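J.: no sequence on this one, just coordinates:
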C-alpha cells in the first residue's frame, strides 16, 4: 500500500534499476507514461496497466493523474507510477508526491537513469570533461518564452547545456542562445531516440540546429563537449578551439 | 573482451541498473572505486577485484588507471570499470574511454543513476519543480578557484545548483555564491551519505552553509527547491518567498 514514483530510464529496458524491476514484478497496478513496450514486459500479466501517456489522445491532466494515484494508493494497492527518465527532472513527479503527501498516502521515490545525462554518454559525449566543461545545466525547451531561468546568464556561464523536450523549438532555442552571446560555431549533438535500436546521432553547429530534421524524443547537447566522440580515437569534431586544444594536450602524455 | 565503464549509482545497491548487475555477474575482473561492499557482493567470488579507490593510500593516478584498463582489455578479459554515480559526470570516465579508443580496445559505457540528481530526490527535494526552477546545474566543488564555469553568471541564471564534492570547500562556495549575488537566505539542502542507512539531511540557508558539520560524501543543493520537503504535506522550509508562493498557489485547487 505504497505509491512508488519510479524512473524508467532513457528507453533501454536494461537501464531500469534493480529496484524498479522488483517493484514492477510485485505491484498491483502500473500507471505509466508513453514508454517502450519492452519496459512494461517486466510486469507479470496480472498487473493492471493504466496508460496516462500524452500520445494517445486521452489527455489526462496532471490533476487527474494526481487524483488517480491518490485513489489507487488510498485503496491499499501497491502502485508503480512509471515515468520516463527520472521522476523529478521535468517529470512533474514532485507534484504527484505533494498530492500524495497532502492526502496522507504513503509514497516513495525511486530515482532512475536520467535521459538528459545518459543519452549523451551513450552517444560518446561526456557532459563534463576535464578542460572542456566542469558544469552541466539541464533545462527544458518546450516553452522557451516562459523560461524562468535567465538564459543570457546561462550562456555566459560557459558550461555544457542539455536541453530536453526541445525538438519543436530547436530553431528558436539556437537563435536565443546566439543572441545571448553563444558562438554560432558552438558544437551541438542531437540524440534522437537514444538508447533504442533506432538511435540517431546528429552533430552540427549551433547555427545549423534549426535546419536539421529531427523527431521527438531527442536530447540536445550544446557546448564544447558536444564536439567529442569518445568512440573515435581522434577527436574528429573539433569545431572550436577548445576541442582542438584538448586533442593537443593529450598528445604529450602519449 | 570489452571494457565496460559502468555507473554504480549513488550507494544503494538496488539502484544499480539491470545491465550493471548482469555485467558484474558475468565479467572476469572488476576495477572499482571506493564503493559500498554491498555493491561488490553482486560479483561472484571468482571475479577478480582491483580497488583503485583513492581512500586506501594506494594513490592510483588517472594515467595508471587508464593503463590498467587498456592492459586488461587488451588481454581479452571482460572488464567492469565500476564507478560511483555516473561514469561521465565528473567521473573522469571520458578520459578512460579516450585511452581505450586510442588503444583500439573495445569499450562500452553503461550509464548509472547519478548521485547529483537522485540523492536530492530521495531527500524530498525535486531538482526542478514548476514555478520554482526550470533548470538544474551540476558542478563540482573540489577546486573552486579553478572553476571554468563563470559562477557569477550561473548565480544570475537563477536555476537550481547541485554541487558535488563540495564538502571541504562549503564555506568558500557559499561566500563565492553570495558575492556573486545570491541571497544569503537562499535555501540549501545537504545530503550526507545519501541512499545509505546512514543518510543525514541538513537544511540551512546559504549564509549558514559554512558553519555546519558535514562529512563526505555529500551533495549540496542550492536554490528555492532546496526548501521543499515533498515528504511533508505542508511546505515547512519556506525560507524564501518563492517557496511560500508555491504553497499558496496550490491551495485554490484543493
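T.: Arrived safely. Quick caveat: nothing in here was measured; it's all calculated off a predicted structure.
J.: Count the neighbours of residue A:75 for me.
T.: 12 (other CB atoms under 10 Å in any protein chain shown). In this view, the C-beta of every residue, glycine as well, is placed from N, C-alpha and C.
J.: From chain B, how far out is it?
T.: Here the distance between residue A:75 and chain B works out to 19 Å (CB to the nearest CB, to the nearest Å).
J.: can you check residue A:151 too?
T.: 8 Å.
J.: How about residue A:65?
T.: 13 Å.
J.: Check for me that that residue belongs to a strand.
T.: No. Under DSSP: H, G, I helix; E, B strand; the rest coil, residue A:65 sits outside any strand and is assigned helix.
J.: give me the number of residues near it?
T.: 19.
J.: With residue A:213 instead?
T.: The burial count for residue A:213: 7, using other CB under 10 Å.
J.: what kind of secondary structure is it in?
T.: From three-state DSSP, the assignment for residue A:213 is coil.
J.: same check, this time on residue A:96
T.: From three-state DSSP, the assignment for residue A:96 is helix.
J.: Test my guess that it contacts residue A:66.
T.: Yes. The pair residue A:96 and residue A:66 qualifies as a contact (CB atoms under 8 Å) at a distance of 5.7 Å.
J.: More neighbours: these two, which one.
T.: More crowded of residue A:96 and residue A:66, by other CB under 10 Å: residue A:96, with 26 against 21.
J.: What's the separation between the more buried one and residue B:230?
T.: According to CB to CB, to the nearest Å, residue A:96 stands 9 Å off from residue B:230.
J.: Do a quick rundown of the helices in the stretch 151-254 of chain A.
T.: A:151-157, A:170-179, A:241-250 (DSSP state H, counting those that start in this stretch).
J.: which intervals of the stretch 1-150 of chain A have sub-threshold pLDDT?
T.: Residue ranges of the stretch 1-150 of chain A with pLDDT under 70: A:54-59, A:144-146.
J.: got the contact list for residue A:214?
T.: Going by CB atoms under 8 Å, 6 or more residues apart in numbering or on different chains, residue A:214 touches A:167, A:170, A:190, A:192, A:200, A:202.
J.: Please report the distance of the first one from residue A:191.
T.: Using CB to CB, one gets 11 Å for the distance from residue A:167 to residue A:191.
J.: Looking at these two, which one has more neighbours?
T.: A count of neighbours by other CB under 10 Å puts residue A:191 above the other of residue A:167 and residue A:191, at 27 against 19.
J.: Give me the distance between the more buried one and chain B.
T.: In terms of CB to the nearest CB, residue A:191 sits 12 Å off from chain B.
J.: wait, that residue sits on residue A:198?
T.: No. Residue A:191 is not in contact with residue A:198 according to CB under 8 Å; the separation is 11.3 Å.
J.: how many other residues sit next to the residue lying closest to residue A:205 once chain neighbours are set aside?
T.: Distances taken as CB to CB, 6 or more residues apart in numbering or on different chains put residue A:185 closest to residue A:205, at 4.9 Å, once the chain neighbours are dropped. The number of residues packed near residue A:185 is 14, by other CB under 10 Å.
J.: Over to the one 4 residues further on?
T.: Counted by other CB under 10 Å, the residues lying close to residue A:189 total 25.
J.: which residues touch it?
T.: A:120, A:123, A:125, A:201-203, A:220-221, A:226-227.
J.: That one: what's its closest spatial neighbour, skipping adjacent residues?
T.: Nearest to residue A:189 is residue A:226, by CB to CB, 6+ apart, at 4.0 Å.
J.: Wait, the one you found touches residue A:126, no?
T.: No. Checked against CB under 8 Å, the pair residue A:226 and residue A:126 is beyond contact range at 10.2 Å.
J.: about what we covered before: kindly point out which residues are neighbours of both of residue A:191 and residue A:198.
T.: With CB under 8 Å, 6+ apart, residue A:191 and residue A:198 have no common neighbours.
J.: Any idea how far apart the tips of stretch A:75-85 sit?
T.: For stretch A:75-85, the first-to-last residue distance is 27 Å (CA to CA, to the nearest Å).
J.: Least confident of the helices of the stretch 151-254 of chain A, on average?
T.: Mean pLDDT is lowest for helix A:241-250 among the helices of the stretch 151-254 of chain A, at a mean of 34.
J.: residue ranges of the strands in chain A, please?
T.: A:3-7, A:29-32, A:48-51, A:79-83, A:107-110, A:135-140, A:160-164, A:187-192, A:200-205, A:218-222 (DSSP state E).
J.: Among those, which comes closest to residue B:25?
T.: Closest to residue B:25 of these is strand A:107-110 (CB to CB; 21.9 Å).
J.: where's the residue nearest to residue A:189 relative to chain B, distance?
T.: Counting by CB to the nearest CB - residue A:226 and chain B are separated by 13 Å.
J.: same question, residue A:34
T.: Counting by CB to the nearest CB, the separation of residue A:34 from chain B is 20 Å.
J.: follow-up on the earlier one: can you work out which residues contact both of residue A:226 and residue A:126?
T.: residue A:120.
J.: hmm, back to that, now distance to residue B:3 too, for the strands of chain A, in a markdown table please.
T.: Shown next, in a markdown table, are the strands of chain A (distance: least, CB to CB, whole Å):
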| stretch | distance to residue B:3 |
| --- | --- |
| strand A:3-7 | 27 |
| strand A:29-32 | 35 |
| strand A:48-51 | 38 |
| strand A:79-83 | 32 |
| strand A:107-110 | 29 |
| strand A:135-140 | 24 |
| strand A:160-164 | 25 |
| strand A:187-192 | 22 |
| strand A:200-205 | 21 |
| strand A:218-222 | 24 |
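J.: any common contacting residues for residue A:167 and residue A:191?
T.: In contact with both residue A:167 and residue A:191: residue A:218, using CB under 8 Å, 6+ apart.
J.: Name the nearest residue to residue A:110, ignoring sequence neighbours.
T.: residue A:6 (4.4 Å).
J.: Tell me how far residue A:19 lies from chain B.
T.: Residue A:19 is 4 Å from chain B, by CB to the nearest CB.
J.: ignore the last one, residue A:13
T.: Residue A:13 is 7 Å from chain B, by CB to the nearest CB.
J.: so what's that residue closest to, chain neighbours aside?
T.: Using CB to CB, 6+ apart, the closest residue to residue A:13 is residue A:38 (4.5 Å).
J.: Surely that neighbour touches residue A:16?
T.: No. Applying CB under 8 Å, one finds residue A:38 not in contact with residue A:16, separated by 10.0 Å.
J.: The two: which is more packed in?
T.: Neighbours were counted for residue A:38 and for residue A:16 using other CB under 10 Å; residue A:16 has more, 26 against 13.
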